[in-house]
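Participant: A structural model of the following input is requested.
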Amino acid sequence: MNPMTLRRNELWLLLALTLLAYANSFAGAFYFDDQAVLFNDPRLQSFSAFGASVGETIRPFTKATFLVDRWLYGQRPAGYHALNLLLHLASGVLVYRILCHPAIKVGDRQIAFWTTLLFLLHPISTEAVTYISGRPTGLMTCGCLAAFLLFLEARTAEPGSPKQRVAVAWASACLALSLLAKEVALVFPVLLVLYEAVLGLGQRAGLADRVKRVHLPLSAVVALFLIYAAFHARYALLFDYSLHLRSWVDNLLTQANTVAYAMTLFVRPTQLNFDHDLLLVTSILQGPTLFSIAALAGLVVAALMLARRAPLFSFGILWFFLHLLPTNSVLPRYDLLSERN
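Facilitator: Have a look, this model is predicted:
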């Protein structure tokens with residue numbers, strides 16, 4: 001069978017299985033923060049109200065999707081769930097296409113299929129897909145994956161060619177929307193450096209030109225967002241609130257246990273919960289903290305040591321930790337663990 005046809009068939013199978021798994025989500029109601037986020041926010045009363053307040057709004061892209069949903073579906077939750085599921089499906093397609101991209105060098109097509117299947121159907125994704133207020137994660141993920149795929153296209157295109165310029169422009173747009181959906185996307189420039197260091201080891205020729213034509217424009221998008229956030233009153237308020245929650249040392253110790261616990265959910269998803277009862281840690285000797293730190297450090301060391309022999313494994317593990325830095329490291333947050341993150 002033609003490889004393109006085979007990939008297309010695999011994608012249809014992946015999407016069909018995911019639709020089957022999440023078919024019951026359309027019957028879900030509004031839960032927890034949904035009422036406040038969707039119906040008690042005066043900015044979502046009308047398009048004019050949203051337009052008048054968009055400069056004061058954080059995550060305006062997320063809010064815009066809620067505004068359109070509210071205009072289309074009102075109090076009917078099925079339509080809201082449909083977009084959440086479509087975002088998850090689109091992210092799955094992007095994961096598959098990234099792993100099939102020549103710049104990734106998977107080596108075995110089945111890795112792309114089974115990895116995407118795990119991404120789409122692992123129960124830990126349930127909250128991000130079925131909780132309507134969890135949409136920022138879906139939007140951010142889809143935008144980041146699209147930007148990364150376009151980065152790979154730009155990186156392998158002829159330097160300075162129209163194809164490269166178009167790919168960089170679209171990647172910048174996807175990244176900007178991702179940032180305006182959820183701030184975690186600000187790690188994206190570091191992800192590109194991680195790619196060059198782990199998966200791009202044998203492709204040093206033309207690196208300076210790629211940095212100038214591809215890396216710098218995408219980094220500029222994040223820099224502009226950080227400037228925007230620095231002068232945004234709402235971000236200043238949230239940052240001040242976060243700094244007074246707990247000390248950064250206590251938070252780092254607590255998050256060591258939190259991340260280690262979260263990783264057990266990948267292999268034992270029977271413990272999934274919307275609100276995990278996790279304890280604050282104030283001493284490195286408290287509970288399993290030392291073991292958690294050792295386990296996480298060991299995984300990072302293993303990823304670094306295997307960078308040459310198993311670059312894809314190494315890249316995936318380091319991407320996992322990179323993506324948790326804004327939410328599960330030094331900066332305190334109210335909820336220690338949210339599965340949708």
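
Participant: in stretch 300-314, which residues are buried?
Facilitator: By 16 or more other Cβ atoms under 10 Å, the buried positions in stretch 300-314 come out as Ala303, Ala307, Pro311, Leu312, Ser314. Placement of C-beta: from N, CA and C, glycine included.

Participant: now Val37. Nearest residue, chain neighbours left out?
Facilitator: Sequence neighbours aside, Ser133 is the residue nearest to Val37 in space, at 4.9 Å (criterion: Cβ to Cβ, 6 or more residues apart in numbering).

Participant: number of residues surrounding the one you found?
Facilitator: 21 (other Cβ atoms under 10 Å).

Participant: what's near enough to touch it?
Facilitator: Contact analysis of Ser133 by Cβ atoms under 8 Å, 6 or more residues apart in numbering lists Tyr31, Phe32, Asp33, Asp34, Val37, Leu38.

Participant: next step: these restricted to helices.
Facilitator: Asp34 (DSSP state H).

Participant: now the contacts of Ser133: which count as buried?
Facilitator: By 16+ other Cβ under 10 Å, the contacts of Ser133 give Asp34, Val37, Leu38 as buried.

Participant: now the residues you listed in a markdown table, please, with extra columns for distance to Tyr261 and pLDDT.
Facilitator: Output for these, formatted as a markdown table (distance: Cβ to Cβ, whole Å; pLDDT from 0 to 100):
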| residue | distance to Tyr261 | pLDDT |
| --- | --- | --- |
| Asp34 | 26 | 92 |
| Val37 | 27 | 93 |
| Leu38 | 31 | 93 |
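
Participant: tell me the one of those nearest Ala181?
Facilitator: Distance to Ala181 across the buried ones among the contacts of Ser133 (Cβ to Cβ) is lowest for Val37, with 13.7 Å.

Participant: one step back: could the buried ones among the contacts of Ser133 be laid out in a markdown table, adding distance to Ser292?
Facilitator: A markdown table is the format used below for the buried ones among the contacts of Ser133 (distance: Cβ to Cβ, whole Å):
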| residue | distance to Ser292 |
| --- | --- |
| Asp34 | 33 |
| Val37 | 33 |
| Leu38 | 37 |
